[in-house]
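> Return a 3D structure for these sequence lines:
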Amino acid sequence: SFDVDVAVPGYDAAFRHERGPSLLLLKSVYEDLFTDCTDGAKTASDYGLDIVQCTPAYQVVFDDGDRIELGFPGKDSDECVAKMNEYEEDGYDKWKEYMAACSAFLDCGLPNFIEERLDLPSFPAFIYEALRSGGKAWPLKP
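Numbers count the residues shown, from 1 in each chain. Below is the predicted model:
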């Protein structure tokens, strides 16, 4: 991890950035690496690597010391839901919408843009999420 100083007019803060989120999002890529490198003879588990989902996934800490623990969609605690709704009206619903968009972008982006493998069934959810709310979430910038 490393700290990042952010210069935004009227707001000065440091943030810690963790470099490990891809391990949380791309479990199958890591597992496939072991299988591919052994021509299918061994799995990651054969080498003692078992990747399991943990909850909470991470913790957000604000400048004032307030904090919130976040898990995965559908696994957030009642405390987390209440806290998000305290921060912003319908905060938890907005969080779920954001996570749905991220999921659609990952599910389409990984095979089609990273792995360069055409995966047509992933495009409808990608297009829907990208164009929802007037295209505000469109991820492909010129």
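
> ok, residues contacting stretch 130-142?
97, 101, 104, 105, 109, 129 (Cβ atoms under 8 Å, 6 or more residues apart in numbering). Quick note: C-beta positions are derived from backbone N, CA and C, even for glycine.

> what's the farthest-apart pair in these?
Farthest-apart pair in those is 97 and 109; separation 18.0 Å (Cβ to Cβ).

> report the longest helix in this structure, please.
Counting residues, the longest helix found in the chain (DSSP state H) is helix 91-109.

> hmm, back to that, mind putting the contacts of stretch 130-142 in TSV, distance to residue 78 and neighbour count included?
TSV is the format used below for the contacts of stretch 130-142 (distance: Cβ to Cβ, whole Å; neighbours: other Cβ atoms under 10 Å):
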residue	distance to residue 78	neighbour count
97	19	15
101	24	20
104	26	22
105	28	19
109	32	17
129	27	22
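
> Out of these, flag the one nearest to residue 42.
When the contacts of stretch 130-142 are compared against residue 42 (criterion: Cβ to Cβ), the nearest one is residue 109, at 28.9 Å.

> what's the spacing between the closest one and residue 31?
19 Å (Cβ to Cβ, to the nearest Å).

> same question, residue 103
Taken as Cβ to Cβ, the span from residue 103 to residue 31 is 19 Å.

> what's the answer for residue 43, then?
Distance from residue 43 to residue 31, by Cβ to Cβ: 7 Å.

> isn't residue 122 right up against residue 111?
Yes - applying Cβ atoms under 8 Å as the test, residue 122 and residue 111 come out as touching, 6.5 Å apart.

> about what we covered before: now the element after the longest helix of the chain, going C-ward?
Tracing the chain past helix 91-109, the next element assigned as helix or strand by DSSP states H and E is helix 123-135.

> Now that following helix: buried residues?
By neighbour count on 16 or more other Cβ atoms under 10 Å, the buried set for helix 123-135 is 125, 126, 129, 130.

> ok, and the closest non-adjacent residue to the second one?
The shortest distance from residue 126 to any residue other than its chain neighbours is 3.7 Å, reached at residue 108 (Cβ to Cβ, 6 or more residues apart in numbering).
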